[in-house]
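Chemist: need coordinates for the below:
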Amino acid sequence: MPPFLYYIISSVYDIFLIYYFLIIIYFIMSWIPPIRNSKFYYAFSKIVYPFTYLACGRLIVGGFDLGGTIGLIIYAGLLRILSMFI
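Modeler: Below you'll find the model as predicted:
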């Protein structure tokens, strides 16, 4: 693989991995009521909004929104596939 292509794929993987951890932090912060009312949480939600818009609210079972969990599992699988190219 040419070095520039490796660098591009590696950079894309790193960006997606950082975004994955931001999503996890966002979900953890959403369980803590005082944090949900802060401006920091509001700004953080704007960063994670593209993922939450696609995943959350799609699979609700017994009052629990499992769409985010399923979305994270799929996202982690896509990260795993991308890591095979590195």
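
Chemist: now the helix or strand residue 43 falls within, how far from the centre of its chain.
Modeler: Using DSSP states H and E, residue 43 falls within helix 39-55. Distance, stretch centre to chain centre, for helix 39-55: 10 Å (CA atoms, centre = their mean, to the nearest Å).

Chemist: swap in stretch 23-33?
Modeler: How far stretch 23-33 lies from its chain's middle: 12 Å, per CA atoms, centre = their mean.

Chemist: and stretch 52-67, by the same measure?
Modeler: 14 Å.

Chemist: now the helices: where do they sit in the chain?
Modeler: Counting by DSSP state H, one finds helices in the chain at the ranges 3-29, 33-36, 39-55, 67-83.

Chemist: looking at the helix holding residue 43 now, give me its mean pLDDT.
Modeler: For helix 39-55, mean pLDDT is 89.

Chemist: now the angle between helix 3-29 and that helix, please.
Modeler: On the basis of axes from the mean of the first three to the mean of the last three CA atoms, to 10 degrees, helix 39-55 is oriented at 110 degrees to helix 3-29.

Chemist: give me the contacts around helix 39-55.
Modeler: 19, 22-23, 25-26, 29-30, 35, 67-68, 70-72, 75 (CB atoms under 8 Å, 6 or more residues apart in numbering). Backbone N, C-alpha and C define where each C-beta goes, glycine included.

Chemist: nothing else from me, thank you.
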